[in-house]
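In: Dropping a prediction and its sequence here:
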Amino acid sequence: MVRLICLAPLLTLLLPGLSGEAAAPRPSGAVVLYTSLPQEIATNFARAFMERYPSVHLEVLRAGSTDLERRLFAEAQAGGIRADVLWLADAPAMLTLRDQGQLQAYRSPEARRIPAEWRDPSGTFTAGRLINMVIAVNTTLIPERVAPHRWADFPKFGKVAVMPSPFFSGSVFVAVAAVVQKFGWGWFERARAEGIHVLQANPDVARALAAREFSVGMALDFIVYGLVRDGAPLAIIWPDDGAISIPSPVAITRAARNPAGARAFVDFVLSREGQQALAAQGIIPVRPDVAPPAGLPGPAAIRTLPVPYAWAAQHAAEIRSRFEAIVLK
């Protein structure tokens, strides 16, 4: 069974190891996963994993990336992270955990199918899914042809534009870092001057767009895609100056209590079967041999902005503080 624990807001590549030897014991017991996957997707994926590994009981604790990061760093300081596996949307946070020695290496036999640029060279984490920050538009409020098709034009839409907050989402934090690298903090100064709205989380933005509260928004592709499948009058615009593609890394903690079960989970995430389970829920897979969801591009077809992961990891507090001073005050 899936035990799903939602964290209240209280407080972002490969894993080396399993050799695949025939003598290796079959994984069993409890595996604890901390993840920022949306609740429904996390539940469905956990079921698929346990159907594949019926002797493993996956316990899923899900929350927004920033809440999870606070918990992770607090647990690390208090004696060790309690999760066996992490699956976040914030690669800079994973870099920090790696550098603090909180992750262990594992070389999954499935990892060779993942592009090298999405694998951590030290073998402590790898991308398990690809999420993309795009421009979404409510086509009943503004024609798609006149909506912004570049991030450079997004601030001009002022009071009809909305974005989520980097204080609640790791993917938004990564997007803010990418925008700052490309356009400078002046982009956010212009957006604030034009009256942009900031909501809490990525699903809040997508739902507000679907409810006609705003015309255009910075949003995650798979969330908008799910609403479109449900009949919402939304369209995804892949920006001409590049979507912000975010490889969502999966890793095993140094303190994992069930390393065999954790390795099985990583294997499943990176496997063809696991990637197909994600694609069925509207998520673009990281394996080139798995087709993307109908109507969405594969990774190779996506024009992207560069993302300064190392810089973002080193300046996380400063980036959030400056965003708050410019946009939220």
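Out: It's in.
In: quick one, helices of this structure?
Out: With helices called from DSSP state H, the chain shows them at 39-52, 65-77, 91-99, 170-183, 186-194, 202-210, 221-229, 259-270, 272-279, 309-314, 316-323.
In: Distance of the residue nearest to the spatial centre of the chain relative to residue 51?
Out: Central residue of the chain (CA atoms, centre = their mean): residue 89, 2.8 Å from the mean position. Distance of residue 89 to residue 51, given as CB to CB, to the nearest Å: 25 Å. (Glycine included, C-beta is placed from N, CA and C.)
In: Contacts only, for residue 87.
Out: 33-37, 128, 248-251, 269 (CB atoms under 8 Å, 6 or more residues apart in numbering).
In: domain assignment for this protein?
Out: With domains defined by automatic domain parsing, the chain comprises 3-130+246-296, 131-244+303-328.
In: Select from the ones you listed the stretch with the lowest mean pLDDT.
Out: Comparing mean pLDDT over these, the weakest stretch is domain 3-130+246-296, at a mean of 88.
In: Just give me the neighbour total for residue 183.
Out: Using other CB atoms under 10 Å, residue 183 has 17 neighbouring residues.
In: Let me fix that, I meant to ask about residue 75.
Out: 17.
In: Then residue 54?
Out: Other residues close to residue 54 by other CB under 10 Å number 10.
In: and if you look at residue 57?
Out: Neighbours of residue 57 (other CB under 10 Å): 18.
In: cool, and the one 10 residues further on?
Out: Applying the criterion other CB under 10 Å, we find 20 residues in the vicinity of residue 67.
In: Residue 301 versus that one, what's the distance?
Out: In this view, residue 67 and residue 301 are 33 Å apart by CB to CB.
In: Over to residue 56?
Out: 35 Å.
In: Compare neighbour counts for the two and give me the winner.
Out: Neighbours per residue, other CB under 10 Å: of residue 56 and residue 301, the larger number sits with residue 56, 21 against 9.
In: now residue 75, nearest residue through space, not along the chain?
Out: Setting aside the residues directly before and after it, residue 75 is nearest to residue 81 in space (CB to CB, 6 or more residues apart in numbering), at 4.8 Å.
In: what about the one you found, distance to residue 261?
Out: Going from residue 81 to residue 261 by CB to CB gives 15 Å.
In: Settle it for me: which of these two has more neighbours?
Out: Using other CB under 10 Å, the more surrounded residue of residue 81 and residue 261 is residue 261, with 25 against 22.
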